[in-house]
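In: have a look at this fold, sequence not included:
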């Protein structure tokens, strides 16, 4: 696991938190796609700029963990990744976490977002999560099935599976350090 993609079924699946813990356990840099995509004041980067930033990250780092879905540039990252980790939680859990994150970070800037983006919530975002959840599950399944031919694909369904995986990586690090 040298070049790792962390993706999820939806916002609120825990991609950022998972990637952060994994990065600490493996001593690898973590790159959040939201930080590449969002400029100050919630201005979206152009697709050219967003793609270029990812290409530079891949080119300039021999090992990495990149978290985020962003379908338009998925294959760019997947081609270079050796591991794809997929997080799947029930829709109700994802929605709960998105709302909790919003309330917890209200008026603050999250480190996984681009600079200058104060936490916000829009009905359109919640509606997107609700209306695309099932279709995204199907799309992710076929995408992962395709890439498992030549990549390590780890599918973690549920909070217990996610925690068990992370604890295993963390234990492996602590036992190799002794």
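Out: Structure received. Every value quoted in this text rests on a predicted model; they were computed, and no experiment measured them.
In: for the host helix or strand of residue 96, packing partners?
Out: Taking DSSP states H and E as the criterion, residue 96 maps to helix 91-104. Applying 3 or more CB pairs under 8 Å, 6 or more residues apart in numbering; DSSP states H and E, we find helix 91-104 packed against helix 123-147. (C-beta placed from N, C-alpha, C; glycine too.)
In: if you set the cut-off to 6 Å instead, what comes out?
Out: Helices and strands touching helix 91-104, by 3 or more CB pairs under 6 Å, 6 or more residues apart in numbering; DSSP states H and E: there are none.
In: so which residues make contact with that helix?
Out: 10-13, 119, 121, 133 (CB atoms under 6 Å, 6 or more residues apart in numbering).
In: poorly predicted segments of this structure, please.
Out: Along the chain, the parts satisfying pLDDT under 70 run over 177-178.
In: list only buried entries from the contacts of helix 91-104.
Out: 10-13, 133 (16 or more other CB atoms under 10 Å).
In: among the residues you listed, name the ones in strands.
Out: Among those, no member is found in strands (DSSP state E).
In: export those residues as a markdown table, with columns for distance to residue 151.
Out: Output for the buried ones among the contacts of helix 91-104, formatted as a markdown table (distance: CB to CB, whole Å):
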| residue | distance to residue 151 |
| --- | --- |
| 10 | 22 |
| 11 | 24 |
| 12 | 25 |
| 13 | 19 |
| 133 | 24 |
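In: filter the residues you listed down to the ones in helices?
Out: residue 133 (DSSP state H).
In: closest to residue 36 out of the buried ones among the contacts of helix 91-104?
Out: Of all the buried ones among the contacts of helix 91-104, residue 36 sits closest to residue 11, with 16.2 Å by CB to CB.
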